[in-house]
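**Student:** sharing a sequence plus its predicted fold:
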Amino acid sequence: MNTSFDGKSTLEDIQHRFDNNVDRFSNLETGQSATMDAPLAMELITKAAVSCTPKIRKVLDIGCGAGNNTLKLLQYTSPLACDLVDLSQPMLERAHARIAAISSGTIRTFQGDFRTIDLPILGYDVILAAAVYKQLN
């Protein structure tokens, strides 16, 4: 079994890829267009979150991209205070704009690797981490 990670994407590669594909990931109906079941996954994640935590007021969306998962959650519960984390600053900017357009809740953005960002330890009703890829060292 080959366990070499030579040739795998670096965090910088991933960030660059997403920086240049904001429009591609900004469609709530299709989600991540490269993933055939993205709309179904968003729906299932959202329904599970709402079912388990009916009074959602604060969400952490790790690897938020253009905000699709938080936007989907806002269809069921609003307003939300949102902390958004992503490697890509253009993705964060798009997510912030899209969420602010439909929610009066506080929105904070954090650009960088979710493993090293200083976030509050407590205080989230729901933590979303859909389609987040972890780089193995």
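**Tutor:** Okay, I see it.

**Student:** going forward, measure contacts and count neighbours with C-alpha atoms only.
**Tutor:** Noted.

**Student:** okay, and for the chain, where does confidence drop off?
**Tutor:** 1-7, 24-25, 27-36, 133-137 (pLDDT under 70).

**Student:** switch the cut-off to 50
**Tutor:** 1, 136 (pLDDT under 50).

**Student:** and the helices in it?
**Tutor:** 11-19, 38-52, 68-74, 89-100 (DSSP state H).

**Student:** so can I have a markdown table of those helices showing mean neighbour count and distance to Arg115?
**Tutor:** Converted to a markdown table, these look like this (neighbours: other Cα atoms under 10 Å; distance: least, Cα to Cα, whole Å):
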| stretch | mean neighbour count | distance to Arg115 |
| --- | --- | --- |
| helix 11-19 | 15 | 12 |
| helix 38-52 | 16 | 22 |
| helix 68-74 | 22 | 20 |
| helix 89-100 | 20 | 17 |
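
**Student:** can I get these in CSV including distance to Ile107?
**Tutor:** Formatted as CSV, those follow (distance: least, Cα to Cα, whole Å):
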stretch, distance to Ile107
helix 11-19, 20
helix 38-52, 19
helix 68-74, 11
helix 89-100, 7
